[in-house]
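Engineer: Whatever this is, show me its structure:
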Amino acid sequence: MRKKIGLLLLVGLMTLSLSGCTTYVKDENGNTVKEATTGQTLASNILCKPTNKDVIKTYEKNDVDIDKLPSCDKFTPASGEYGGIWETIFIKPLSWFIIKVGEILGNYGLAIIVVTLIIRLIIFPISKKSALQSENMKFAQKDLEKLERKYRGRESQEDQMMKAQEMMGIYKKYDINPMSGCLFAFIQMPLFFAFLESLNRLPIVFEGKFLGFNLGMSPFVRLFGGSFDFSVFLDSFTNDGWIYLLLPILVALTTFFSFRLNSGVSSGSEEQQHQMKIMMNVMLVFIVITSFTMPTSIILYWITGSLFTIIQAEVIRRMKENARGSEKRIKKQRRSAK
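Structural biologist: Reported below is the predicted structural model:
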């Protein structure tokens, strides 16, 4: 378990170090510049020209040369200067794909949803293995609980070695690979940061709208004006700002069920299982709080991905139950035949 957590932390640190490519517009006082309407923090290394006149004026006022940039409909993965491996392999191709899907669908919020689904379908063989492992762990729960009771209070090195051997036997019986979830995390985390950076650097996205939501606006900006001003909150809430509360609520619900259906069962002691539950709850709270400050475009990506995970987990659960039911019927028929 410690090795698995350590690997995930290493992946997270590597991803963060790779994803630090977005630079932001600074005013003469060194403060980051935000778009007046949506509160979007403006990236100085945007990939294509904005179309909103106020956004263009803001860039020009802060000496950002946008004339050298292609229009978003002319942008390709080869556009602009070389920005490193991360940008070349992930950011530019993903940004181009989002633009093209948005042009076809006529809405960039819808494009984010469709692109997210396409990518999740591409990596489905890997995410399916992770989900199958979670289901297998649930079926192995009774055997693992018996093992814990058997070795409770037996802390000698010899007993612990025997326990580890028996645990590996259970894993083999139920076709469980404890490290299988790491590969999906290794792919999932860079994808999230790639989406985050692409959407921050595409003016055509953060200038757009989807179902009445500004794609570049966060719930915090819409409800509080970017600061904890409760007079602004009351005014915003009564002027259709309340709909932005739906976004963190949807994040909370989809993330909760995604964690619950795809978490499997811990193979450790009751104390370790309790610690895992606490960690999952802390992660859930952190994600929900963070969603208040995320632009709508990123929230759309997160909700879509979580819904995909929920549906995938439910489909695999039913497949496993049907398979086990079929096995039981076959065994029963064989016993009857004897």
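Engineer: What residues does Thr255 make contact with?
Structural biologist: Leu284, Ile287, Val288, Trp302, Ser306 (C-beta atoms under 8 Å, 6 or more residues apart in numbering). Using the backbone N, CA and C atoms, a C-beta is placed for each residue, glycine as well.
Engineer: Could you export these as JSON lines, including distance to Ile46 and secondary structure?
Structural biologist: Formatted as JSON lines, the contacts of Thr255 follow (distance: C-beta to C-beta, whole Å; DSSP: H, G, I helix; E, B strand; the rest coil):
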{"residue": "Leu284", "distance to Ile46": "33", "secondary structure": "helix"}
{"residue": "Ile287", "distance to Ile46": "27", "secondary structure": "helix"}
{"residue": "Val288", "distance to Ile46": "29", "secondary structure": "helix"}
{"residue": "Trp302", "distance to Ile46": "22", "secondary structure": "helix"}
{"residue": "Ser306", "distance to Ile46": "28", "secondary structure": "helix"}
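Engineer: By neighbour count, which of these wins?
Structural biologist: Among the contacts of Thr255, the one with the most neighbours (other C-beta atoms under 10 Å) is Trp302, at 23 neighbours.
Engineer: for stretch 44-57, which positions count as buried?
Structural biologist: Ser44, Asn45, Ile46, Leu47, Cys48, Lys49, Pro50, Asn52, Val55 (16 or more other C-beta atoms under 10 Å).
Engineer: what's the farthest-apart pair in the residues you listed?
Structural biologist: Asn45 and Asn52 (18.0 Å; C-beta to C-beta).
Engineer: Can I get the buried residues of stretch 44-57 in CSV including secondary structure?
Structural biologist: Below are the buried residues of stretch 44-57 laid out as CSV (DSSP: H, G, I helix; E, B strand; the rest coil):
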residue, secondary structure
Ser44, coil
Asn45, coil
Ile46, coil
Leu47, coil
Cys48, coil
Lys49, strand
Pro50, coil
Asn52, coil
Val55, helix
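Engineer: confidence score at Asn62?
Structural biologist: Listed pLDDT for Asn62 reads 87.
Engineer: my bad, should have said Ala140
Structural biologist: 72.
Engineer: pretty sure it contacts Tyr171?
Structural biologist: Yes. Between Ala140 and Tyr171 there is a contact under C-beta atoms under 8 Å: 7.5 Å.
Engineer: what are the phi and psi values for Val282?
Structural biologist: In terms of degrees, to the nearest 10, the main-chain angles of Val282 are phi -60, psi -40.
Engineer: Now Pro77. Its backbone dihedrals?
Structural biologist: Dihedral angles (degrees, to the nearest 10) for Pro77: phi -60, psi -20.
Engineer: these two touch, right, it and Phe90?
Structural biologist: No. If you go by C-beta under 8 Å, Pro77 and Phe90 don't touch, sitting 10.3 Å apart.
Engineer: More neighbours: the two, which one.
Structural biologist: The residue with more neighbours, out of Pro77 and Phe90, is Phe90; 20 against 16, by other C-beta under 10 Å.
Engineer: And the closest residue in space to the more buried one that isn't next to it in sequence, how far from Val221?
Structural biologist: The shortest distance from Phe90 to any non-neighbouring residue, by C-beta to C-beta, 6 or more residues apart in numbering, is to Ala194 (4.2 Å). Distance, Ala194 to Val221, by C-beta to C-beta, to the nearest Å: 24 Å.
Engineer: Check Arg260 too.
Structural biologist: Counting by C-beta to C-beta, the gap from Arg260 to Val221 is 31 Å.
Engineer: Have a look at the two and say which one is more surrounded.
Structural biologist: Val221 (25 against 12).
Engineer: and Val221, what is it in contact with?
Structural biologist: Thr38, Gly39.
Engineer: Mind doing that once more with 10 Å?
Structural biologist: Residues near Val221 by C-beta atoms under 10 Å, 6 or more residues apart in numbering: 34-35, 37-40, 214, 227, 232, 236, 241, 244, 292-293, 295.
Engineer: Which positions in stretch 142-156 come out as buried?
Structural biologist: Those would be Asp143, Leu144, Leu147, Glu148, Tyr151, for stretch 142-156 by 16+ other C-beta under 10 Å.
Engineer: Nearest to Ile118 among the residues you listed?
Structural biologist: Leu144 (37.2 Å).
Engineer: In the stretch 151-300 of the chain, where is pLDDT below threshold?
Structural biologist: 174, 177-187, 226-227, 229-234, 236-238, 262-274 (pLDDT under 70).
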